[in-house]
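>>> got a sequence here, can you model it:
(one chain, ligands or ions: 3)
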Amino acid sequence: MTIIINQPQIEEAKGVSSDSKELLLDGGFVMPDTNAFGHTFRDYDVESARQKSVEEFYRMNHVHQTYDFVKRMREDYGKLDRVAMTVWECIELLNEFVDESDPDLDEPQIEHLLQTAEAIRKDYPDEDWLHLTGLIHDLGKVLLHHKFGQLPQWAVVGDTFPVGCAFDECNVHHKHFKGNSDYLNAKYNTKLGVYSEGCGLENVLMSWGHDDYMYLVAKENKTTLPSAGLFIIRYHSFYPLHKHGAYQYLMNEQDKENMKWLHVFNKYDLYSKSKVRIDVEKVKPYYLSLIEKVCISIQLLKSTSCEFVNDPKCSIDVSVLPRKAEMVRPSSFT
Ligand SMILES: O[C@H]1[C@H](O)[C@@H](O)[C@H](O)[C@@H](O)[C@H]1O
Ligand SMILES: [Fe+2]
Ligand SMILES: [Fe+2]
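Numbers count the residues shown, from 1 in each chain. Ligands and ions are numbered 1, 2, ... in the order given. Have a look, this model is predicted:
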């Protein structure tokens, strides 16, 4: 798809020390204790209507996401050369999809995008770049749609993880990696695998899905979203790192800085999931105005065919968000 929008001047995130640029980070969002089904969030083992299908999703995901698969998908989809569509049209496409990897939500994805963005907007009214990030962070799920190749769910959604090195035990349903051909491959099954300590996440191949795809789309079209926004889009499903602290040895200094914003974002992404629907028509004008402000001239790839259609132990406390002086605030659009 091609999304052509005005190109405003938006600065990249950079060191800003004046008080006026600092943020009070915890905007007061109250995290609910239970999800819409009465369970704690992200409990992949609790007996529920969704447990079995979610586990089956992860089995497929863990078996098929090999180093070679990811490389091929990234090269193929990175061409972004086959279909043109506006951001809002893509958002509407998501109306028909329910994410099979998600134990906390069975609403259409358009609801989730708006619920996330609206929750952020309430707490951080001036951070319009973060509202927009919320709105588009899961837009890459259009890969499920036939116009974008109709990839199977295991190649689009779910938590992400690095390929090319050992699969950390913090990954949801880790046991299913035993069916992955990389599992016993000596090239890929050591702690560092093909990577080096501190190499930076941008040099790490992540399992293929909506995060990396949307990142490629935004970057290739030279979006003026701040780098923290791009980082959120690219790594928001990387729960093993941002929730459990696994794989930290792959990060560089820039990743650590961006991670602070991802922690803020994650709270809204996860805990805004609910059965309370957003009035789409009511909020649409605001988001259309945001989309116009940021440069996202997007081409999403339509693949002609796809041959693939067919633990608390290591938890770190992310409720402690970085304090205001530790954060660099990216410029907003205005
Ligand atoms: O099930 C969810 C869903 O697919 C989200 O979009 C993704 O960001 C999460 O990491 C995952 O747990
Ligand atoms: Fe996501
Ligand atoms: Fe999300």
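>>> so how many other residues sit close to whatever residue of the stretch 51-200 of the chain ends up closest to ligand 2?
Of all residues in the stretch 51-200 of the chain, D138 sits closest to ligand 2, at 4.3 Å by C-beta to the ion. C-betas here are computed from N, CA, C, even on glycine. A total of 26 residues lie near D138 under the criterion other C-beta atoms under 10 Å.
>>> where does the residue nearest the centre of the chain land on pLDDT?
What sits nearest the mean C-alpha location of the chain, by C-alpha atoms, centre = their mean, is H236, with 3.5 Å. For H236, the pLDDT comes out at 98.
>>> please give me every residue in contact with it.
Shown in contact with H236 (C-beta atoms under 8 Å, 6 or more residues apart in numbering): H137, D211, H242, L262, F265, N266, D269.
>>> give me phi/psi at it?
H236 adopts backbone torsions of phi -70, psi -20, taken as degrees, to the nearest 10.
>>> again, but for P162
Dihedral pair for P162: phi -70, psi 140, per degrees, to the nearest 10.
>>> still on that earlier bit, could you export the contacts of H236 as a markdown table, including pLDDT?
Formatted as a markdown table, these follow (pLDDT from 0 to 100):
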| residue | pLDDT |
| --- | --- |
| H137 | 95 |
| D211 | 97 |
| H242 | 97 |
| L262 | 97 |
| F265 | 95 |
| N266 | 94 |
| D269 | 91 |
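>>> tell me the contacts of the residue of the stretch 51-200 of the chain closest to ligand 2?
The neighbours of D138, taking C-beta under 8 Å, 6+ apart as the test, are L94, Q109, H112, L113, T116, H210, M214.
>>> try it again with 7 Å
Applying C-beta atoms under 7 Å, 6 or more residues apart in numbering to D138 gives the contacts Q109, H112, L113, H210.
>>> quick one: least confident of those residues?
Q109 (81).
>>> the lengthiest helix in the chain near ligand 3 anywhere?
With secondary structure taken from DSSP state H, the chain has its longest helix at helix 253-271. Yes - Helix 253-271 is in contact with ligand 3 by C-beta under 5 Å from the ion, via D269.
>>> buried stuff in that helix?
255, 257-271 (16 or more other C-beta atoms under 10 Å).
>>> out of these, who's nearest A228?
W261 (4.1 Å; C-beta to C-beta).
>>> the closest one against S227, yeah?
No - between W261 and S227 there is no contact under C-beta atoms under 7 Å: 9.4 Å.
>>> need the residues touching each of the two.
Counting by C-beta under 7 Å, 6+ apart, W261 and S227 have no contacts in common.
>>> tell me which residues are up against the strand or helix carrying D76.
Following DSSP states H and E, one finds D76 within helix 67-77. Contacting residues not belonging to helix 67-77 are listed as A155, V163, G164, D182, Y188, L205, S207, W208, D212, Y213, L301, S303 [C-beta under 7 Å, 6+ apart].
>>> next SSE downstream of it?
Counting by DSSP H and E, what follows helix 67-77 is helix 87-93.
>>> report the contact partners of the closest residue to Y188 other than its chain neighbours.
Of all residues not flanking Y188 in the chain, D182 sits nearest, at 4.4 Å (C-beta to C-beta, 6 or more residues apart in numbering). The contact partners of D182, by C-beta under 7 Å, 6+ apart, come to T66, Y67, V163, Y188, N189.
>>> and T34, that one's in a strand?
No - counting by DSSP: H, G, I helix; E, B strand; the rest coil, T34 is not found in a strand; it is coil.
>>> follow-up on the earlier one: will you turn the contacts of H236 into TSV that also has distance to E100?
Shown next, in TSV, are the contacts of H236 (distance: C-beta to C-beta, whole Å):
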residue	distance to E100
H137	18
D211	16
H242	22
L262	24
F265	23
N266	21
D269	18
